[in-house]
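Q: here is a sequence with its predicted model. Questions after.
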Amino acid sequence: MTAATVPGIDDAPTTNARLLSWVREVAELTRPDRIVWCDGSDAEWDRVTSQLVEAGTFVKLDEAKKPNSFWAASDPNDVARVEERTFICSVDEADAGVTNNWMAPAEMKSIMTELYRGCMAGRTMYVIPFCMGPITAEKPMLGVEITDSEYVVASMKIMTRMGASVLPLFDGPAGDDFVPALHSVGAPLEPGQQDVPWPCNETKYIVHFPEERLIWSYGSGYGGNALLGKKCYSLRIASAMARDEGWLAEHMLILKLISPEDKTYYVAAAFPSACGKTNLAMLEPTIPGWKVETLGDDIAWMRFGEDGRLYAVNPEYGFFGVAPGTNWKTNPNAMRTIERGNSLFTNVALTDDGDIWWEGMENEPSHATSWKGKDWTPADGEAGEPSSHPNSRYCTPMSQCPVLAPEWDDPKGVPISAIFFGGRRKETIPLVTESRDWQHGTFMGATLSSEKTAAATGGLGQVRRDPMAMLPFIGYNVGDYFQHWINVGKGADADKLPKIFYVNWFRRGEDGRFLWPGFGENSRVLKWAIERLEGKAAAVETAIGYVPTAEAIDMQGLDTPIEDVEAALKVDVEEWKTEIPLIEEWFDKIGAKLPTSMRDELEALKLRLGV
Ligand SMILES: C=CCn1c(=O)c2[nH]c(Cc3ccc(NC(C)=O)cc3)nc2n(CCCC)c1=O
Ligand SMILES: [Mn+2]
């Protein structure tokens, strides 16, 4: 059987020659039993979700509790991004840099071609045309994911604009530049062989060929590895595009802040995973009269507008959020979004009455089915067996978010007034620090540090450098990435650039208690930052940047003792002196491609600290 005879090969709803020949080539190699061109319709959703229920991958939730929603359990060995199996296969190794795994493109292609050979036997090859960002953009950012996973088809309908709505674009000028993204779970089926609920392969490769704008993924069915429009396209490939074309593809939320005087400000913020980034994106401010609306919780593409300001769009169409810790206190808007249904829940607990539950959510069930498909009770939780995996996810349509900003789909994007970098540090780093200028702000982002989280496999709790929270997502050399940020600043009108701030919600006192109440109270920090932009708020110039005194923070209604706020804001020169060698170690690791201006910023910091 050649590709030409695969059922579905001629159902192509497009005349895009490049796409047709790529689909034929892949079908030739992977040998699927049939080809389905995805149209993103509700009928298609019903087909693939029913098939997943059939296969035992999905359990349909109670219609009254979560309409049109499903619980899914992955293979316990396929639960997170696999950073050690993620590669940037640039032509030159130097372009991958020290923070990426690299292999020569030709070698990687020969290895993966053999893995792909016949890998879709017994399966359906789905062709998913999608668009990252508004389809009305001047230059729609198109991609096509080929996959043999129904789970991916269902998830991509939530996370991207996909199917019939984007197809016409493939027959227009943007159609020539679509990013091909090939995915297989790597589990061919022999005739008559019974499938498993979560097919995957012990051998996993998540590979990017940046110069070709090409993505090859094999062996994992899990979100970050398999939904290729997200981390693979919108960050790793897009960051290489952005470097070449003079824009920014960043791991940032986008939120809209509305003051009591009805003034609007847009903020982008980068935090490593599990730092509460989605909670900030959907914040319920505690200070009267202030409102937050959401534009995105994970990725921001920022381009200069005619007025010289940076305009951000969110390339995604849904939220793929960390479930544990999400509840009616920490993120009521996320809870309201998922309550509306049309969502997928992976590696969370299934309650006996057909709903989902996870650690931190209200109303702990006395019995449930754990993410491993086993009986679970709170006693198991106490015995260290959580009901849900720490990296379990909800996948839900953005359009259902009650505080979604009306301009969420505006192809122009929104003008960014402030950029926040932040990490999870129990000491040294103050609650909020304003940068001296763009270059100093770039240094803050470049030296961002955070305690490790569950989103990636590996140790929990220790501090790691995570520049701009992009460490796992930079599609090229990290030193060149910093240089690109510096170049963006140089090419712009200084007073049109967003002001850069650094925040840390997680500082603890001697007794180990959190000094700052966080969550909705973070609106007080956002307010201070906005007032700084307006020249209305006070700050003290310190060795590390401009830091508010506790008095400069709006404390009305806050029952946190002012001593705690002062401790949260303290710049302890001695502590910072211990930070310097850690930064030097990080800069030495980057080596020759580290921009001299970053070295200069470090030397200037040492001077200001009296090191
Ligand atoms: C917009 C909110 C950002 N944010 C925070 O600002 C934040 N702060 C903290 C630490 C903290 C935890 C509990 C309390 N207080 C009580 C009463 O439990 C205070 C601070 N945790 C936080 N979290 C949860 C992090 C894990 C995902 C968080 O998301
Ligand atoms: Mn993320």
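A: Noted; the coordinates are in hand. Ligands and ions are numbered 1, 2, ... in the order given.
Q: and the helix or strand bottoming out on mean pLDDT in the chain, what does it pack onto?
A: One helix or strand of the chain scores below all others by mean pLDDT, DSSP states H and E: strand 463-465, with a mean of 90. Contact here means 3 or more C-beta pairs under 8 Å, 6 or more residues apart in numbering; DSSP states H and E; on that basis strand 463-465 packs against strand 449-451. Glycine gets a C-beta too; all of them are placed from N, C-alpha and C.
Q: parallel or antiparallel, which strands does the strand it packs on pair with?
A: strand 463-465 (antiparallel) (DSSP bridges).
Q: contacting residues around the strand it pairs with?
A: With contacts defined as C-beta atoms under 8 Å, 6 or more residues apart in numbering, strand 463-465 is touched by R425, T447, L448, S449, S450, E451, K452, L471, L582, W586.
Q: the fourth one bridge partners, please.
A: In other words, S449. Under the criterion used (DSSP bridges), S449 bridges to R465.
Q: that one and ligand 1: what is the separation?
A: Distance, S449 to ligand 1, using C-beta to the nearest ligand atom, to the nearest Å: 16 Å.
Q: how about residues contacting whichever strand or helix holds H183?
A: Take DSSP states H and E as the rule and H183 turns out to sit in strand 179-184. If you take C-beta under 8 Å, 6+ apart as the criterion, strand 179-184 is touched by 22, 26, 30, 116, 119-120, 141-149, 152, 213-219, 226, 228-229, 232-233, 237.
Q: just the ones of the residues you listed in strands?
A: With DSSP state E as the criterion, strands contain M141, L142, G143, V144, E145, I146, T147, L214, I215, W216, S217, Y218 from among the contacts of strand 179-184.
Q: surely the second one and V166 touch.
A: Pointing back at L142 there. Yes: using C-beta atoms under 8 Å, L142 is in contact with V166, at 6.9 Å.
Q: can you pull the residues that touch both of the two?
A: Any residue near both L142 and V166 by C-beta under 8 Å, 6+ apart counts here, and that gives P129, F130, C131.
Q: isn't there a helix covering L257?
A: No: assessed with DSSP: H, G, I helix; E, B strand; the rest coil, L257 is strand; it does not lie in a helix.
Q: so what pairs up with it in the strands?
A: Using DSSP bridges, the beta-bridge partners of L257 come out as Y265, V292.
Q: quick one: pLDDT of it?
A: Here, the pLDDT recorded for L257 equals 98.
Q: surely it meets I530?
A: Yes: with contact defined as C-beta under 8 Å, L257 reaches I530; the gap is 6.4 Å.
Q: which neighbours do these two have in common?
A: By the contact definition C-beta under 8 Å, 6+ apart, L257 and I530 are jointly contacted by Y265.
Q: would you turn the ones in strands among the contacts of strand 179-184 into JSON lines with distance to Q193 and pLDDT?
A: Listed next are the ones in strands among the contacts of strand 179-184 as JSON lines, based on distance: C-beta to C-beta, whole Å; pLDDT from 0 to 100:
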{"residue": "M141", "distance to Q193": "39", "pLDDT": "98"}
{"residue": "L142", "distance to Q193": "35", "pLDDT": "98"}
{"residue": "G143", "distance to Q193": "31", "pLDDT": "98"}
{"residue": "V144", "distance to Q193": "28", "pLDDT": "98"}
{"residue": "E145", "distance to Q193": "25", "pLDDT": "99"}
{"residue": "I146", "distance to Q193": "22", "pLDDT": "98"}
{"residue": "T147", "distance to Q193": "20", "pLDDT": "99"}
{"residue": "L214", "distance to Q193": "31", "pLDDT": "98"}
{"residue": "I215", "distance to Q193": "28", "pLDDT": "99"}
{"residue": "W216", "distance to Q193": "25", "pLDDT": "99"}
{"residue": "S217", "distance to Q193": "23", "pLDDT": "98"}
{"residue": "Y218", "distance to Q193": "19", "pLDDT": "98"}
